[in-house]
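Novice: what follows is a predicted protein model with its sequence.
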Amino acid sequence: STGELKQFRWVAGKPMLLHSLQLFHDRQDVAMVVCVLPANVAGDPPPWLFQCDTERLQVVPGGPTRAHSVRYGLEDLPDVCQYVLIHDAARPLATPQMVERVVNEARKGHAAIPALPVVDTLKRAGDDHRIAGTTDRAGLWRAQTPQGFPREMIIRAHEHAIATGVEATDDAALCEMLGMPVALVRGSERAMKVTEEGDFARLEAWQNLPD
């Protein structure tokens, strides 16, 4: 059922996906939000989805992989959109301030992603789950979303990925492969990604963190 989808579960007062939709609809410069959902629910999404600005909401079915779903979303963007933000619904508490930082960089003509510096010591494990080494964390960042791009740049990056059979979990990586510049802007701890059950409780506790 649709209720089993992670992005439809409630957290911090509303369904996870609704946080993200309203975040972008609150911006006057957002011409359209393309919401990519699993094909089996895209045709009959939950009613609360339409609490958004339906004039600026388009629901499209996704594909077998994240990369396919992003490409389908790009294909349905109206021509008026000059810049594209790609966001993961599993980060429901991304803040307006970090979105603004991403948009400001993308408007300069290059890709931009929010990120946080790695502060923990990184250990590399062997197959036996024993430490095989320590990785220098200097210069390492944790990538977040939304990631922003000039429209032509991200479409070219995805077309190249399709032509070469490259798959990536991060859209900025597709730009990096073509030597396109990608800027880092400050992210937010609030924009943590929900990956396991305990993360729902963490988000409830972190929803009032400053940006």
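Specialist: All right, it came through fine. Treat the numbers as computed from the prediction; the structure is a model and nothing was measured. Numbering: from 1, shown residues only.

Novice: please state the offset of the longest helix belonging to the chain from the chain centre?
Specialist: Secondary structure of the chain per DSSP state H: the longest helix is helix 151-164. How far helix 151-164 lies from its chain's middle: 17 Å, per CA atoms, centre = their mean, to the nearest Å.

Novice: which parts of the helix or strand following that helix are buried?
Specialist: Towards the C-terminus, the helix or strand next in line after helix 151-164, according to DSSP states H and E, is helix 171-177. Of the residues in helix 171-177, 171, 172, 173, 174, 175 count as buried by neighbour count, 16 or more other CB atoms under 10 Å. Bear in mind the C-beta positions are built from the backbone N, C-alpha and C, glycine included.

Novice: contacts only, for residue 68.
Specialist: Contacts for residue 68 (CB atoms under 8 Å, 6 or more residues apart in numbering) come out as residue 62.

Novice: that one is in what secondary structure piece?
Specialist: Counting by DSSP H and E, residue 68 is found in helix 66-75.

Novice: how about the contacts made by the closest residue to residue 168 other than its chain neighbours?
Specialist: Nearest residue to residue 168 in three dimensions, chain neighbours excluded: residue 174, at 5.4 Å (CB to CB, 6 or more residues apart in numbering). Going by CB under 8 Å, 6+ apart, residue 174 touches 154, 157, 158, 160, 161, 166, 168.

Novice: return the residues in contact with the third one.
Specialist: In other words, residue 158. 67, 70, 71, 74, 171, 174.

Novice: and those residues, which is closest to residue 105?
Specialist: residue 171 (14.5 Å; CB to CB).

Novice: how near is residue 119 to residue 188?
Specialist: Using CB to CB, to the nearest Å, residue 119 is found at 15 Å from residue 188.

Novice: over to residue 43?
Specialist: Relative to residue 188, and taking CB to CB, residue 43 is found at 34 Å.

Novice: just checking, what packs against the one helix or strand residue 183 maps to?
Specialist: With secondary structure defined by DSSP H and E, residue 183 is part of strand 182-186. When contacts are defined as 3 or more CB pairs under 8 Å, 6 or more residues apart in numbering; DSSP states H and E, strand 182-186 packs onto helix 96-106, strand 111-117, helix 171-177.

Novice: how far does the first one sit from the chain's center?
Specialist: Spelled out, that is helix 96-106. 13 Å.

Novice: tell me which residues of that helix come out buried.
Specialist: 98, 99, 101, 102, 103, 105, 106.

Novice: number of nearby residues for residue 159?
Specialist: Residues within reach of residue 159, counting by other CB atoms under 10 Å, total 13.

Novice: residue 119 and residue 188 - which one has more neighbours?
Specialist: Using other CB under 10 Å as the criterion, residue 119 and residue 188 rank with residue 188 on top: 21 against 8.

Novice: so, low pLDDT: which residues of the chain?
Specialist: Along the chain, the parts satisfying pLDDT under 70 run over 1-4, 209-210.

Novice: closest to the centroid, which residue in it?
Specialist: Ranked by distance to the mean C-alpha position of the chain (CA atoms, centre = their mean), the top residue is residue 87 at 2.4 Å.

Novice: hang on, the earlier thing: right, and the helices and strands packed on strand 182-186 - which one's nearest residue 6?
Specialist: helix 171-177 (20.0 Å).
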